[in-house]
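Student: Pasting a predicted model and its sequence here:
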Amino acid sequence: MNVKERGYLEDPYKCEFKARVLNVEDAGDGRCTVRLDRTYFYPTSGGQPNDTGKIGGSTVVDVIEDGGVVKHIVEGAVEAGEEVECSIDWERRFDHMQQHTGQHVLSRVFADELSMETVGFHLGRSVSTIDLDAPSLSGEEIERVEFEANKLIWRDIPIESRLMSREEFDRLCRDDGGALLERLRSKLPPEEKTVRLVEIRGCDISTCCGTHLKATGEIGLVKLIGTEKIRESVRVEFLCGQRALCDYMGKHLVLTELSRTFSTDWQNVAQSTKRLIEENREMRKAKEEASRELARSRALKTLGEPERLGDFELFTDILEEADASSLKESAFAIREQGARIVLMGAVNPKPFVVFACSAGAPFDMGRIMKKALEDFKGRGGGGMDYAQGGGISASDVRNVIERAIEILKESV
């Protein structure tokens, strides 16, 4: 890593600067790859996304690290050798600083309060996450960590970063008798030649090359919003700073509207919602029961003269409009009145047929249904005393029932 050309390591608040273009390569699609003699643009790394902004009059759409060199992906033309005015999108940069510094605070608190180490971090477009070496988190543990993390933020503790060679780092560790290594939250790869320590004074110290705030107070607020089991770890979703504020504002608007709708305080909205859901569930049950009763009543009132089929009465009917549930209830209501076979169909909203017979009758309604549908490319099936089918045209409803009658007569 060429530290001298990475200005963001020393001053993450600098968003306007001049630089000389060392090299330009064509990247295709009207883009080019630009290397500067010194840059404050942060490249995607360590779970933190890249900065965006301008180099000259051209837009920086991506920043990457390639072979220890920072490269800027730019839309438009940039000339090698020229000195250019550069600007970084400060709103995006500050947001990333809030989220990344907030992650350091959370990781420290999870370690101190619950002995859970951070094994992964991702700074997302809308939500950031950390992965912990723990199988789960309880609601009580989440509240505890969230409260302790915010207490640390409100103390407005200074944050310092130090750049040093690996030799300096090793010497520092020897001089303090290994105390630094014990306090260090993140482990340093043995091949790393340059070390950057980020320290929340007296609270946390870790190796990190991300952009960070001057003090914890600038994080503003941290809010844990969800957890998810990921293999042997638990993933925690969180929001910091402006993201947390926007989340609160949006939820507050929703809660306020619900409070007005229910004519109650926001504290009672959950209870009112549960009561409404339960009432709605009971009303649906009552409606379904009423619909079934109505279907039974209509079926019995509109019964025509049955056809005799051995010891059984055969009832057939085709309704212009009925749903599958109503058709089933009608068939059940008719078959309950004695030794009966019922073949019913409906044309709308979807062509549908149901076959039913009294319990113990020597017929297989499921087999009869499948056989009756064969010639009409329909689909259906069922058991001994009830079957249903569909996938047929409206004009074939009557044809399927007539085919079923033929099958029944053959069996008798």
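Tutor: Noted; the coordinates are in hand. Residues are numbered from 1 along each chain as shown.

Student: From what I see, Glu5 and Pro43 are in contact.
Tutor: No - Glu5 lies out of contact with Pro43 (Cβ atoms under 8 Å); the separation is 11.3 Å. To be clear about C-beta, it is placed using only N, CA and C from the backbone, and glycine gets the same treatment.

Student: Longest strand of this protein, counting residues only.
Tutor: strand 16-28 (DSSP state E).

Student: Show me how far the longest helix out of those in the chain is from its chain's centre.
Tutor: When the chain is scanned for its longest helix (criterion: DSSP state H), the result is helix 269-301. Helix 269-301 sits 33 Å away from the centroid of its parent chain (Cα atoms, centre = their mean, to the nearest Å).

Student: which strands and helices sit next to that helix?
Tutor: helix 241-262, helix 324-335 (3 or more Cβ pairs under 8 Å, 6 or more residues apart in numbering; DSSP states H and E).

Student: Could you report the neighbour count for Ala77?
Tutor: Using other Cβ atoms under 10 Å, the number of residues around Ala77 comes to 11.

Student: no wait, Ala290
Tutor: Neighbour number of Ala290 under other Cβ under 10 Å is 10.

Student: Could you shift the numbering so residue one becomes 211, and keep it that way?
Tutor: Right, with 211 as the first residue, what we last looked at is Ala500.

Student: separation between it and Ala532?
Tutor: The gap separating Ala500 from Ala532 is 15 Å, by Cβ to Cβ, to the nearest Å.

Student: same thing with Asp606?
Tutor: As judged by Cβ to Cβ, Asp606 and Ala532 stand 17 Å apart.

Student: In terms of neighbours, single out the busier of the two.
Tutor: More crowded of Asp606 and Ala532, by other Cβ under 10 Å: Ala532, with 24 against 19.

Student: confidence score at that one?
Tutor: With respect to pLDDT, Ala532 scores 81.

Student: Okay, domains of this protein per the record?
Tutor: For the chain, the domain assignment from automatic domain parsing gives the residue ranges 213-298, 304-458, 507-621.

Student: Quick one: those as a markdown table, columns for distance to Thr466 too.
Tutor: Below are these laid out as a markdown table (distance: least, Cβ to Cβ, whole Å):
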| stretch | distance to Thr466 |
| --- | --- |
| domain 213-298 | 33 |
| domain 304-458 | 12 |
| domain 507-621 | 40 |
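
Student: ok, of those domains, where does mean pLDDT dip lowest?
Tutor: domain 507-621 (a mean of 88).

Student: for that domain, the distance to its chain's centre please.
Tutor: That offset, for domain 507-621, works out to 45 Å (Cα atoms, centre = their mean).

Student: All set, thanks.
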